[in-house]
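*Asks:* How does the following fold in three dimensions:
(one chain, ligands or ions: 1)
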Amino acid sequence: MKIRILTQNDWKIWKTFRLNALKDSPNNFGSSFEEEFNLSDLDFQEGMTKSQIFCAFADDALVSSAGFYSLQTDKTRHRGIIWGMYTLPEYREKGFASALMKTVIEHAKSRVSQIHLTCVTSNDIGLKFYLKHGFKIYGTEPKALKVNDIYFDEHLMVFDVSE
Ligand SMILES: CC(C)(COP(=O)(O)OP(=O)(O)OC[C@H]1O[C@@H](n2cnc3c(N)ncnc32)[C@H](O)[C@@H]1OP(=O)(O)O)[C@@H](O)C(=O)NCCC(=O)NCCS
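*Replies:* Just a heads-up that it's a prediction; the model follows:
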């Protein structure tokens, strides 16, 4: 397994991977396939500059992802956000997402004091994964997402990296 942060030069493999993730798990992400499919290539490339996109590769193929960015205002820059955790189904339960999560947490430690993320309440596997990595639920947002007229609540989760 190799882990690295994508650059804008990787935008084509990232676009393919990301759109596939959104199509495969429509209820588990805040963003929709249709929304990102309709982005221009330039918008997609620019979007990549707003986060560090950590990816795990197996035999040179991108198999798992985790995005990270820190908030930008004076009063919020101590907070980081993790988004877009996804492992291709055939590579799951082999430790790829865990390796990425550990790498992102190390990266975050020198930049922020806490990391936030959200997890749809019905996503048992995602929830187990985040709890295993030390995240705690600090609230639950009702009807956080609406997908095809169905509402989904989201757990708000935080991990204090300064402890
Ligand atoms: C959640 C996800 C990213 C985990 O990726 P992964 O590469 O399979 O994760 P790992 O192999 O590193 O698993 C680490 C831990 O996650 C949990 N986990 C992963 N898959 C699991 C499964 N099928 N059943 C139960 N627990 C599971 C376990 O706690 C596991 O640790 P363990 O093996 O010691 O029990 C992956 O299942 C996925 O892409 N799901 C769809 C997208 C999604 O829900 N993303 C999260 C959005 S909030």
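
*Asks:* For the helix or strand of the chain with the lowest mean pLDDT, which helices and strands make contact with it?
*Replies:* Ranked by mean pLDDT, DSSP states H and E, the weakest helix or strand in the chain is helix 41-48, scoring a mean of 93. Applying 3 or more Cβ pairs under 8 Å, 6 or more residues apart in numbering; DSSP states H and E, one finds that helix 41-48 makes contact with helix 11-24. Every C-beta, even on glycine, is put in place using the N, C-alpha and C of the backbone.

*Asks:* now for the helix it packs on, which elements pack on it?
*Replies:* Other helices and strands packing on helix 11-24, by 3+ Cβ pairs under 8 Å, 6+ apart, are helix 33-37, helix 41-48, strand 52-58, strand 61-70, strand 79-87.

*Asks:* ok, 6 Å please
*Replies:* Helices and strands touching helix 11-24, by 3 or more Cβ pairs under 6 Å, 6 or more residues apart in numbering; DSSP states H and E, are helix 33-37.

*Asks:* Could you tell me which residues within the helix it packs on count as buried?
*Replies:* 33, 36 (16 or more other Cβ atoms under 10 Å).

*Asks:* Mean confidence (pLDDT) on that helix, please.
*Replies:* For helix 33-37, the mean pLDDT works out to 96.

*Asks:* How about stretch 8-16?
*Replies:* On average, stretch 8-16 scores 96.

*Asks:* Now it: buried residues?
*Replies:* In terms of neighbour count (16+ other Cβ under 10 Å), stretch 8-16 has its buried residues at 10-11, 14-15.
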